[in-house]
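Chemist: Starting from these lines, generate the structure:
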Amino acid sequence: MSVPDPRGLLVELFRAAVAAADPARVVPPHLPSTPPRGRTVVVGAGKAAAAMAKAVEDHLPAPVEGLVVTRYGHAVPCRSIEVVEAGHPVPDEAAPAAARRILELVSACGEDDLVLALISGGGSSLLSLPARGLELSDLQAVNRALLAAGATIHEMNCVRRHLSAIAGGRLAVAAWPAPVLTLAISDVPGDDPATIASGPTVPDPTTCADALAILDHYRIAVPERVRAHLEHCEDETPKPGDPRLSRSTVRLVARPLQSLEAAAARAREVGLGVLILGDAIEGEALEAGRVHAGIARSCREHGLPLAPPCVLLSGGETTVTVRGRGRGGRNVEFLLGFALALRGVDGVFALADDTAGIDGTGEAGGGVVTPDTLGRARAAGVDPRAHLADNDALGFFEALGDVLITGPTLTNVNDFRAVLVVAGA
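Modeler: Residues are numbered from 1 along each chain as shown. Next up is the predicted model:
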């Protein structure tokens, strides 16, 4: 079969993946069927928090009240649930103010009330509240350093939990003895609830010593009070088996694999072979791009592991160790590594995009590679290796007009990658 519009098809697969994690679709089936004897208090944090709150208001028959915090530009009008916006991926002053108010709301709940926690990716920054003795500037400094060092999301959130007064189960502890029902959209490899938004309503199996070991591994120089806090660790996070978490329940309403399966179903509908490489791919974005290119080349030249026309799908969260001064982010760096490794092999196209619609701090979520990407770059005088050395893959794809800008999707199941391999002429 022929593929008349490869780029358009890749964008269509991305949209199918995002639609499968739409809060309006995934939240309602998990709402409680009967209201509590008391109040229903809704709190939450993440890029999808406001859209999730609207889904609650639209589908839960009981009256609700509460507050959720989301990233700037991700607010959705709600009737009775207040929506606050804050900074991401580095927290700003709005985050601790919102977190304190959320703690006050749940602390006022009794055992006849229900705390409904709406958690999604981005919540770690948006719900930042420094632990006793720390300042917001400490959290900001550690956040920036971990991002630049290429730490994984599991490592980052281990550290964040131990510098926080609300993460790592502390939100559920504050709500005790009220029951807590958490509806979570997973954006992390492995779907671990303790890592999603740093697990504010679940026990934390890690320790302050683990957090300190991560900082030391990456040779991150932290403010002295941060190191002292982790070394003395007078207030550990609640651990599995803590009775104050016995009334806390978590339901994962959307996962990365569901979105990959939705994209796969659409690809099969148009006659493509499909291989899902995995939903939990981590590591350096550049290296992941090279690996995907190698698999695509094998498909094109040998029909292995899949004969064209076919599509390779993957999810997860890669990282970028920042060595230059460019604007990133990880999806476009993946694509630049992919393009360089592919070296213009005919019949191979790729898309990588953040399902949240934004990758890092800019407006772009990702981009597209075509067989003539490197050729067009040479004709335009754009040096791909120079851009890569400066961590400026975004600038490279902007120069070619191959950046994807969707705007906030109001959900987040991590990165989406699709590699389309078509038959030769």
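Chemist: roughly how far apart are His154 and Val403?
Modeler: 29 Å (Cβ to Cβ, to the nearest Å). C-beta: built from backbone N, CA, C; applies to glycine.
Chemist: neighbour count winner among the two?
Modeler: When His154 and Val403 are compared for neighbours, Val403 comes out ahead with 23 against 17, by other Cβ atoms under 10 Å.
Chemist: can you pull up the bridge partners for the more buried one?
Modeler: Assessed by DSSP bridges, Val403 has beta-bridge partners Gly367.
Chemist: close enough to count as contact, it and Ala364?
Modeler: Yes. The pair Val403 and Ala364 passes the contact test of Cβ atoms under 8 Å, sitting 4.7 Å apart.
Chemist: Overlap in contacts, those two.
Modeler: Taking Cβ atoms under 8 Å, 6 or more residues apart in numbering as the contact definition, Val403 and Ala364 share the neighbouring residues Val332, Leu394, Phe397.
Chemist: Please convert the buried members of the residues you listed into PyMOL selection syntax.
Modeler: A single PyMOL command selects the buried members of the shared contacts of Val403 and Ala364 (16 or more other Cβ atoms under 10 Å):
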select buried, resi 332+394+397
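Chemist: Domain ranges for this structure, per the record?
Modeler: For the chain, the domain assignment from automatic domain parsing gives the residue ranges 6-17+257-421, 31-254.
Chemist: end-to-end on the shortest one?
Modeler: End-to-end distance of domain 6-17+257-421 (Cα to Cα, to the nearest Å): 9 Å.
Chemist: just the last one next, same as before
Modeler: Here the two ends of domain 31-254 are set 14 Å apart, with distance taken as Cα to Cα.
Chemist: Distance from that domain to the middle of the chain?
Modeler: Domain 31-254 sits 14 Å away from the centroid of its parent chain (Cα atoms, centre = their mean, to the nearest Å).
Chemist: cool, the shortest one as well?
Modeler: Its chain's average C-alpha position is 16 Å from that of domain 6-17+257-421, according to Cα atoms, centre = their mean.
Chemist: pLDDT (mean, whole number) over it?
Modeler: Here domain 6-17+257-421 scores 94 as its mean pLDDT.
Chemist: before we move on, the earlier item: let's have the shared contacts of Val403 and Ala364 in CSV, adding secondary structure and distance to Val422.
Modeler: Formatted as CSV, the entries for these read as follows, by DSSP: H, G, I helix; E, B strand; the rest coil; distance: Cβ to Cβ, whole Å:
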residue, secondary structure, distance to Val422
Val332, helix, 23
Leu394, helix, 27
Phe397, helix, 21
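Chemist: CSV for the shared contacts of Val403 and Ala364, including distance to Ser298?
Modeler: Listed next are these as CSV, based on distance: Cβ to Cβ, whole Å:
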residue, distance to Ser298
Val332, 24
Leu394, 29
Phe397, 25
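Chemist: picking that back up, among the domains of the chain, which comes closest to Ala24?
Modeler: Nearest of the domains of the chain to Ala24, taken as Cβ to Cβ: domain 31-254 at 5.1 Å.
Chemist: Just the C-alpha atoms of stretch 68-84, please, in PDB.
Modeler: Provided in PDB are the C-alpha atoms of stretch 68-84 (Å, rounded to 0.1, in the frame of the first residue of the first chain):
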ATOM      1  CA  VAL A  68      -6.600  22.200  41.900                       C
ATOM      2  CA  VAL A  69      -3.400  23.600  40.500                       C
ATOM      3  CA  THR A  70      -2.200  23.300  36.900                       C
ATOM      4  CA  ARG A  71       0.400  24.800  34.600                       C
ATOM      5  CA  TYR A  72       0.100  28.300  33.200                       C
ATOM      6  CA  GLY A  73      -2.100  28.100  30.100                       C
ATOM      7  CA  HIS A  74      -3.800  24.800  31.200                       C
ATOM      8  CA  ALA A  75      -6.700  26.100  33.100                       C
ATOM      9  CA  VAL A  76     -10.300  25.000  32.300                       C
ATOM     10  CA  PRO A  77     -13.300  26.900  33.600                       C
ATOM     11  CA  CYS A  78     -15.000  25.000  36.500                       C
ATOM     12  CA  ARG A  79     -18.100  25.900  38.400                       C
ATOM     13  CA  SER A  80     -17.300  25.000  42.000                       C
ATOM     14  CA  ILE A  81     -13.700  23.800  42.000                       C
ATOM     15  CA  GLU A  82     -11.200  26.600  42.000                       C
ATOM     16  CA  VAL A  83      -8.400  26.400  39.500                       C
ATOM     17  CA  VAL A  84      -5.000  28.000  40.200                       C
END
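Chemist: contact partners of it?
Modeler: Taking contacts as Cβ under 8 Å, 6+ apart, the residues outside stretch 68-84 that touch it are 42-54, 56-57, 63-67, 85-88, 94-95, 97-99, 102, 118, 122, 126-127, 407-408, 410.
Chemist: which parts of that stretch are buried?
Modeler: When burial is assessed from 16+ other Cβ under 10 Å, stretch 68-84 yields the following buried residues: Val68, Val69, Thr70, Arg71, His74, Ala75, Val76, Cys78, Ile81, Val83, Val84.
Chemist: In strands, which of these fall?
Modeler: Among those, the members found in strands (DSSP state E) are Val68, Val69, Thr70, Arg71, Ile81, Val83, Val84.
Chemist: ok, the last one to His302 distance?
Modeler: Pointing back at Val84 there. For Val84 relative to His302 (Cβ to Cβ), the value is 54 Å.
Chemist: Check the first one too.
Modeler: Distance of Val68 to His302, given as Cβ to Cβ: 50 Å.
Chemist: Okay, buried residues for stretch 36-43 please.
Modeler: Pro36, Arg39, Thr40, Val41, Val42, Val43.
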